[in-house]
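Chemist: pasting the sequence and the predicted coordinates here, then a few questions.
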Amino acid sequence: MPLRRLLFSAARHFYSSAPSGGVAAESRTQKLERIADGLLSLTKAERNDYSILFRLKLGLDRLVQAGGGAPTPGTGPGVEAAIEEKEKTAFDIKLEKFDAAAKIKIIKEVRTFTDLGLKEAKELVEKAPVVLKKGVTKEEAEAIAAKLKEVGATVALE
């Protein structure tokens, strides 16, 4: 998000100081588009390095040092974990173990939510612990896990 603000402020600066001629504005637009394309093609590490370099060139590093180096909102050790939890929308259903007596019921249940045949489902269940289904929504994963638990399986959502 800060990169977008940077690009928009740069664009505002160029347009506000542009002469009324259309040719100069067009070349500035092309230049800004070239710069924006270059910035957007950078990797995360390169963007971080560019951000530091840009702050140094503008003299903003002195402001941060003078201000006591207060952390900006959205930084800190717990923020990455919170973002990771927020973004978790797809879950994997993992069969950890099952009762031997309930093996047939579990195989039948696995076949209901996968496109596997009897032989493939049997082989999959026998490989426990194994991921049965990947990239499932939370609601669907919980429903499947509840059904498997009813028939005697130990299931984990990852």
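Modeler: Looks like it came in fine.

Chemist: please enumerate the strands of the chain.
Modeler: In the chain, the strands defined using DSSP state E lie at 91-98, 130-136, 153-157.

Chemist: want to throw those strands into CSV with distance to residue 122, mean pLDDT and mean neighbour count?
Modeler: Every residue, glycine included, has its C-beta placed from N, CA and C. As requested, these are exported to CSV (distance: least, C-beta to C-beta, whole Å; pLDDT from 0 to 100; neighbours: other C-beta atoms under 10 Å):
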stretch, distance to residue 122, mean pLDDT, mean neighbour count
strand 91-98, 12, 89, 18
strand 130-136, 12, 88, 15
strand 153-157, 14, 89, 17
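
Chemist: out of these, nearest to residue 147?
Modeler: With C-beta to C-beta as the criterion, residue 147 lies closest to strand 153-157 of the strands of the chain, at 9.0 Å.

Chemist: now that closest one against strand 91-98, angle please.
Modeler: Strand 153-157 and strand 91-98 are oriented at 150 degrees to each other (axes from the mean of the first three to the mean of the last three C-alpha atoms, to 10 degrees).

Chemist: strand 153-157 packs against which elements?
Modeler: Helices and strands touching strand 153-157, by 3 or more C-beta pairs under 8 Å, 6 or more residues apart in numbering; DSSP states H and E, are strand 91-98, helix 138-150.

Chemist: can you give me the angle the last one makes with strand 130-136?
Modeler: Angle between the axes of helix 138-150 and strand 130-136 is 160 degrees (criterion: the same axes, to 10 degrees).

Chemist: what of the shortest one?
Modeler: Here strand 91-98 runs at 160 degrees with respect to strand 130-136, directions being taken by the same axes, to 10 degrees.

Chemist: give me the below-cutoff pLDDT ranges for this protein.
Modeler: For the chain, the stretches with pLDDT under 70 are 1-26, 61-87.

Chemist: can you give me the helices in it?
Modeler: Taking DSSP state H to define them, one finds helices in the chain at 2-16, 22-40, 44-58, 60-66, 77-87, 103-113, 118-126, 138-150.

Chemist: may I see the helices and strands packed on strand 153-157 arranged in a markdown table, with distance to residue 132 as well?
Modeler: Formatted as a markdown table, the helices and strands packed on strand 153-157 follow (distance: least, C-beta to C-beta, whole Å):
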| stretch | distance to residue 132 |
| --- | --- |
| strand 91-98 | 5 |
| helix 138-150 | 8 |
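
Chemist: out of the ones you listed, nearest to residue 113?
Modeler: Of all those, helix 138-150 sits nearest to residue 113, with 5.3 Å by C-beta to C-beta.
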